[in-house]
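In: no sequence for this one, just the structure:
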Ligand SMILES: [Zn+2]
């Protein structure tokens, strides 16, 4: 999801004092460590770096890249107040270390994706998960509990590493909350409060959480996400109801809606990386093209349905680069077997 990451700047202006206090605190801790353990080259080097950062505060150059003199990314300063060059001016060694970290993050994220694409005897599930860069801020999950199958598809504000950290936060939260067996709306309210309390004010997620049973009944809670689509024999229709995004207001309630799928019908969920995929001229793929790509898809299995949508998106995008994380999930009700 594109969002207001750039809006950090005015907030950051008020954080100067906090960063400076952090540096002074680090200086004191290093001095204590040195006095207790004796001289240590590592402590001495860090002390030099802290002093250099404090000097940059004094001469007004703190937060300015020492190479290109553009501002250093505020979120990087928050993570490491000693940073003195922007991302574009990292040394080869620093850049390789960052790339290694990202690669590891991608592997960790892949391990969080649902393993099984068959949710139960009655439902077949498949999904496509494509990060815009190395890691994704989209969240897709399928969790079986007590004879029911829960499915979740969400999109965290922002992109890249920060969004992927929030995605793993959502993953941990839902895996802890679902075994409690709460009613779906209560589950979302609880998840909302936890997410709100553990993230910054400009971080939130749009998300759909639902559960489905062996009779084809599906209960859905939509926290500000794009409406899912029911793929029927001859017609497709969206399930429009929606509440507020997760993590936007700590105290918000959610309502659910119920649909019953007949044998062979599919529920399709997707993130805005699908509908906002752009072609070389900047036009958006949109819901209409998505609907066209699944027309006549009633007879298809989830895998073919997703392949059709994906090929329509790829064809539309042509050579234009992906600008956002993209996820689509298809849940097909196979019907009750006698
Ligand atoms: Zn620079």
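Out: Perfect, thanks for sending it. Computed from a prediction, not measured in an experiment: that's the story for all the values here.
In: What segments of the stretch 101-250 of the chain are helices?
Out: With DSSP state H, counting those that start in this stretch as the definition, the stretch 101-250 of the chain shows helices at residue ranges 160-177, 184-198.
In: The ones you listed: which one's closest to the ion?
Out: For the ion, the closest of the helices of the stretch 101-250 of the chain is helix 160-177, at 18.3 Å, according to C-beta to the ion. Heads up, the C-betas are built off the backbone N, CA and C, glycines and all.
In: can you give me the angle that closest one makes with helix 184-198?
Out: 140 degrees (axes from the mean of the first three to the mean of the last three C-alpha atoms, to 10 degrees).
In: which strands and helices sit next to helix 160-177?
Out: Applying 3 or more C-beta pairs under 8 Å, 6 or more residues apart in numbering; DSSP states H and E, one finds that helix 160-177 contacts helix 92-111, strand 138-145, strand 148-156, helix 184-198, strand 205-212.
In: Sheet partners, orientation included, of the second one?
Out: Going back to what we said before, that points to strand 138-145. strand 148-156 (antiparallel) (DSSP bridges).
In: quick one on the thing from earlier: any idea which of the helices and strands packed on helix 160-177 has the lowest pLDDT on average?
Out: Per-stretch mean pLDDT for those is lowest at helix 92-111 (a mean of 89).
In: separation between the residue nearest in space to the middle of the chain and residue 167?
Out: The chain has residue 137 as the residue nearest its centroid, 2.3 Å off, counting by C-alpha atoms, centre = their mean. The gap separating residue 137 from residue 167 is 6 Å, by C-beta to C-beta, to the nearest Å.
In: ok, now residue 85?
Out: 28 Å.
In: Report the contact partners of the closest residue in space to the residue nearest to the centre of the chain that isn't next to it in sequence.
Out: Leaving out its chain neighbours, the residue that sits closest to residue 137 by C-beta to C-beta, 6 or more residues apart in numbering is residue 163, at 2.6 Å. Shown in contact with residue 163 (C-beta atoms under 8 Å, 6 or more residues apart in numbering): 1, 135-137, 156-157, 325.
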